[in-house]
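*Asks:* next come a sequence and a model predicted from it.
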Amino acid sequence: RRLSRRPPVTLLDVFRQHARRRPRRPLLLFQDQVYTFEDVEKRSNRAAWALSRRLGLRSGRTVAVFLPNEPAYLWTWLALAKLGCPMACLNCNVRGRALRHALEAARATLVLASPGERGQGTLGTLGTLGGHQGHP
């Protein structure tokens, strides 16, 4: 129903609404760390700023995200949504030909990876795809 509205209501819109109304309410529990809506809003804003200013990321550019299931995944996704960039979610357990196929199919112009994923040999071949490596 919300998507049939013009303009449609997105998950980013819903998140922002909750962040305004309930900034100190817990949103995410990861291990022993609690992240509030306000925490995630600030982190996603910083990530969006870094992606835009430092890497020159602009709306419409597809970004491949090669992150494990950790809190940074959430604010990276929100940052990309704020910038209007489609996100190609890559399974961080995939390697070799399957990873190369996923990257080629995504046609991403940028690859974001956690420091633990960089330098594993697999991402070293991404330069031929025209992407950059980085971590917000």
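*Replies:* Nice, I can see it.

*Asks:* which residues of the protein score low on pLDDT?
*Replies:* 1-3, 5, 116-136 (pLDDT under 70).

*Asks:* next helix or strand past the helix ranked longest in it?
*Replies:* When the chain is scanned for its longest helix (criterion: DSSP state H), the result is helix 37-53. Using DSSP states H and E, the helix or strand that follows helix 37-53 towards the C-terminus is strand 63-66.

*Asks:* show residues contacting the helix or strand following that next one.
*Replies:* Downstream of strand 63-66, the first helix or strand assigned by DSSP H and E is helix 71-83. Applying Cβ atoms under 8 Å, 6 or more residues apart in numbering, the contact partners of helix 71-83 are 10-12, 15, 28, 30, 33, 35, 40-41, 43-45, 47-48, 51-52, 57-59, 63, 65, 67, 86-87, 112, 114, 135-136. Backbone N, C-alpha and C define where each C-beta goes, glycine included.
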